[in-house]
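**Q** Need a 3D model of the sequence below.
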Amino acid sequence: MDIININIINIFLFLYLEICYIIFLLYYNHIIKIIMESNMSDTIKTLLNLRSLRALSREMTLEQLEEALEKLQSVVAERQESEAEERAQLAEKQAKLEEFRQMMIDSGIAPEDLLDTMSATTVKTKQKRAPRPAKYKFQDHAGEEKTWTGQGRTPSALQAQLDAGKKLEEFLI
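**A** Modelled structure (predicted):
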């Protein structure tokens, strides 16, 4: 076997090992995810089952049980506060919406009217601006009369006349 064939074999072997490693990592991550989900569901099952809690409590000291109880009560209190805040915000939003609805009814505005005005203001069509009027008049190389607005690049025929010594003001319309 020559050196080129050995190098090709080495490259294929390296690629094969890389692919195997990637497959291993993907499989490993999948297994870890399954274990984590399984552990989480087992934890939830244990917390919700009185017999499992009693069995777990036999393996813990009273101090550990009291510490776990304090932490669980703290987590429950935090969750109750956050859900109460969410309910209060939702109630406040509903009250404002009801207030706005009543104001619309009192003013004689139908919801469709409001939607029509909102959709009309959000959709803006870009209007084409009017073309600029010509500012300069000159003759091109063929002797034809041309105009230029003064915007953009100077036309070559006009630039040639400017280079010849004429002033731009001489071409004003």
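**Q** Show me the protein divided up by domain.
**A** Under the assignment automatic domain parsing, the domains of the chain span 3-59, 79-124, 136-171.
**Q** Reformat the ones you listed as JSON lines; add distance to K71, mean pLDDT and mean neighbour count.
**A** C-beta here means a position set from N, CA and C on the backbone, and glycine is covered the same way. Conversion of these to JSON lines gives the following (distance: least, CB to CB, whole Å; pLDDT from 0 to 100; neighbours: other CB atoms under 10 Å):
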{"stretch": "domain 3-59", "distance to K71": "12", "mean pLDDT": "78", "mean neighbour count": "10"}
{"stretch": "domain 79-124", "distance to K71": "13", "mean pLDDT": "84", "mean neighbour count": "10"}
{"stretch": "domain 136-171", "distance to K71": "72", "mean pLDDT": "91", "mean neighbour count": "12"}
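**Q** Can you check which of those gets nearest to Q73?
**A** Closest to Q73 of the domains of the chain is domain 79-124 (CB to CB; 10.3 Å).
**Q** now the domains of the chain in TSV, with distance to A130?
**A** Converted to TSV, those look like this (distance: least, CB to CB, whole Å):
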stretch	distance to A130
domain 3-59	62
domain 79-124	18
domain 136-171	12
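**Q** among the ones you listed, which is nearest E67?
**A** Distances from E67 to each of those were compared using CB to CB; the shortest belongs to domain 3-59, at 12.6 Å.
**Q** for the protein, what spans make up the strands?
**A** Along the chain, the segments classed as strands by DSSP state E run 136-139, 145-148.
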